[in-house]
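Chemist: Generate coordinates for the sequence data below:
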Amino acid sequence: MSTRDSGCISIPTRLKITRQLARYIKGQRTLPWIMSYDDTDVVRELYCDQQLTSLPIHYSLQTKRSAKELIIAPYRLALPQRLHCFKGKRPS
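Modeler: Numbers count the residues shown, from 1 in each chain. Next comes the predicted model:
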């Protein structure tokens, strides 16, 4: 199994950065924040104590494809109601 994917950063380095970002962003107690991330098991595990809403997206710039993006926010931040219709849905 290769430790590189199609990007320039190795997979172990990417996971380390992803974990560091999760620790930092979840430590923000006063600033409101919202982010989107690829819907993966690793991201879901890192942010399991936050609001997670799966949102279907369609890429069309280079290669047409569909995917799922996670909208992540702390529970103290109210997400728009129309996002809640996707809550809990997993990529197929």
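
Chemist: alpha carbons only for contacts and neighbour counts from here, please
Modeler: Fine.

Chemist: Would you mind finding the longest helix in this structure?
Modeler: Assignment by DSSP state H gives helix 11-26 as the longest helix of the chain.

Chemist: So which residues of this protein form helices?
Modeler: 11-26, 41-46.

Chemist: roughly how far apart are the residue nearest to Leu46 when sequence neighbours are not counted and Gln28?
Modeler: Leaving aside its sequence neighbours, Leu46 sits nearest to Ala22 (Cα to Cα, 6 or more residues apart in numbering; 6.5 Å). The gap separating Ala22 from Gln28 is 10 Å, by Cα to Cα, to the nearest Å.

Chemist: out of the two, which sits in the busier spot?
Modeler: Each of Ala22 and Gln28 has its neighbours counted (other Cα atoms under 10 Å); Ala22 has more, 14 against 11.

Chemist: just checking, what packs against the helix or strand bottoming out on mean pLDDT in the chain?
Modeler: Here the helix or strand of the chain ranked lowest by mean pLDDT, DSSP states H and E is strand 51-59, holding a mean of 87. Counting contacts by 3 or more Cα pairs under 8 Å, 6 or more residues apart in numbering; DSSP states H and E, strand 51-59 is packed against strand 65-73.

Chemist: could you check the angle helix 11-26 makes with the strand it packs on?
Modeler: Between the axes of strand 65-73 and helix 11-26, defined by axes from the mean of the first three to the mean of the last three Cα atoms, to 10 degrees, the angle is 40 degrees.

Chemist: average model confidence for strand 65-73?
Modeler: Averaged across strand 65-73, pLDDT comes to 89.

Chemist: likewise stretch 13-22?
Modeler: Rounded mean pLDDT across stretch 13-22 is 92.

Chemist: CA atoms of that stretch as CSV?
Modeler: Output of stretch 13-22 as CSV, limited to C-alpha atoms (Å, rounded to 0.1, in the frame of the first residue of the first chain):
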residue,chain,number,x,y,z
THR,A,13,1.4,13.8,6.9
ARG,A,14,-2.1,14.6,5.7
LEU,A,15,-3.7,12.7,8.6
LYS,A,16,-1.4,14.4,11.0
ILE,A,17,-2.4,17.9,9.7
THR,A,18,-6.1,16.8,9.8
ARG,A,19,-5.8,15.8,13.4
GLN,A,20,-3.9,19.0,14.3
LEU,A,21,-6.6,21.1,12.6
ALA,A,22,-9.4,19.2,14.5
